[in-house]
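[1] Sequence and predicted structure below; questions after.
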Amino acid sequence: MKQDIKYFDTVALDDQNNALLIIDQTQLPGNKEILSLTKIEDIWQAIYLLKVRGAPAIGVAAAIGIYLVAKQIATDSYSEFLIEFRKAKEYLASSRPTAVNLFWALERMEKVVLDNPDTDIKQIKNLLREEALLIREEDIRVCKSIGEYGLSLIKDGDGILTHCNAGSLATVKYGTALAPIYVGLEQGMNFKVYADETRPLLQGARLTAYELVEHGVDTTVICDNMASQVMKNGWINAIFVGCDRVAANGDAANKIGTSGVAILAKHYGIPFYVCAPTSTIDMNIKHGEDIPIEERPSEEISEMWYKQRMIHQNAKIYNPAFDVTDYELITAIITEYGIIRAPYEENLKKLFFDLRNPF
Ligand code: MRU
């Protein structure tokens, strides 16, 4: 399906055709294609191959995906339904290891099934549909709120540096790290954004630059190793990045290269903000070193963007997809509920306590 992607959300449900709709991000910016995925194997592949990517978007895709699988389970028996549901859940959960939103969304969907052992299967399927759509709707609201809090930390005309893509394409809409920029745009502000190209898969060059330019934002792409220079030039007032998982102590895993940007930010005295919906905060993981880090195929480094292999056949290649930024380097974590500052361990615990115990 070739259409103008401006009119599409990154992830959506086409219930009539039993399909998950995604913008194929591997084709951007050259080719704007919407994929309609009906098979669980295709949804798994789409997540693994980064056709749909970014922690929140992966979570929403998995929620819609598991609903579509559940919808096709042909049984009236609750126990048989649960077994089939869990098989599909385990399978989708194996697509990528780092973004906790994937597991968070699948757990939420499973809870719907577990909370309704005496409900008929048709009704459970309806409830699953509602939950998947709620996860999707919440994502839009959450990102907008992160944008509003983030915007309070910058002023019109500021230079902003970002790494990877934590924009609209990584969520349903708005993004996390780019949300302050989009919310600012809605209020008539503009910013100068520097997008790290983000080796090896070029999410910054291909995706961040694409969506920012489409929104009319002043955008400059730099190679990852130029970040120090633009900071030294005095062009950067703040750094906003997304994340795939925040540990209980505030350590944050994000696209490989993020921790280096944080170290540079400290050197130059530039605030380094991590934008994290609470769905990305994993209070079950104490420290960043316990966050599973995905390693991806070496061809992404040696061959992917070249006509022919660029690295000697016998050279070893190490391709971790994420790194962990130490909490000491993070100026603040911006959530949909507000701006969290150090001490993170204490303040994150308090945030989740307050969420569980509303007044
Ligand atoms: O491998 P990717 O492209 O899925 O990695 C994405 C990131 O690192 C994003 O910064 C993160 O998921 C946050 S998206 C709002």
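    Right, received. Where do you want to start?

[2] By proximity to the ligand, which residue of the chain wins?
    Relative to the ligand, the nearest point of the chain is Gly242 (2.7 Å; CB to the nearest ligand atom). Using the backbone N, CA and C atoms, a C-beta is placed for each residue, glycine as well.

[3] What about the nearest residue in space to that residue that is not next to it in sequence, how many residues nearby?
    Spatial nearest neighbour of Gly242, excluding adjacent residues (CB to CB, 6 or more residues apart in numbering): Ala166 at 2.6 Å. Residues near Ala166, counting by other CB atoms under 10 Å, number 33.

[4] How about His287?
    15.

[5] Repeat that for Phe353.
    9.

[6] Let me know the helix or strand that it is in.
    Of the helices and strands defined by DSSP states H and E, Phe353 is found in helix 344-356.

[7] what is the mean pLDDT for stretch 223-232?
    For stretch 223-232, the mean per-residue pLDDT is 98.

[8] what separates the residue lying closest to Glu84 once chain neighbours are set aside from Ala61, distance-wise?
    Using CB to CB, 6+ apart and skipping the chain neighbours, the partner closest in space to Glu84 is Ile73 (4.7 Å). Going from Ile73 to Ala61 by CB to CB, to the nearest Å gives 19 Å.

[9] Quick check on these two: which one has the bigger neighbour count.
    Neighbours were counted for Ile73 and for Ala61 using other CB under 10 Å; Ala61 has more, 32 against 18.

[10] and that one, backbone torsions?
    phi -60, psi -40 (degrees, to the nearest 10).

[11] so what are the domain limits for the protein?
    Domain assignment of the chain by automatic domain parsing yields the ranges 11-143, 146-356.

[12] distance between the ends of the last one?
    Between the start and the finish of domain 146-356 there is a gap of 20 Å, counting by CA to CA, to the nearest Å.

[13] Next: stretch 31-42.
    19 Å.

[14] what does stretch 63-80 give?
    With CA to CA applied, stretch 63-80 spans 20 Å between its terminal residues.

[15] Can you list the neighbours in contact with it?
    For stretch 63-80, contacts defined as CB atoms under 8 Å, 6 or more residues apart in numbering pick out 11-13, 18-20, 37-38, 40, 43, 81, 84-85, 88-89, 92, 105-106, 108-109, 113, 117-118, 120-121, 124-125, 128-129, 131-132, 135-136.
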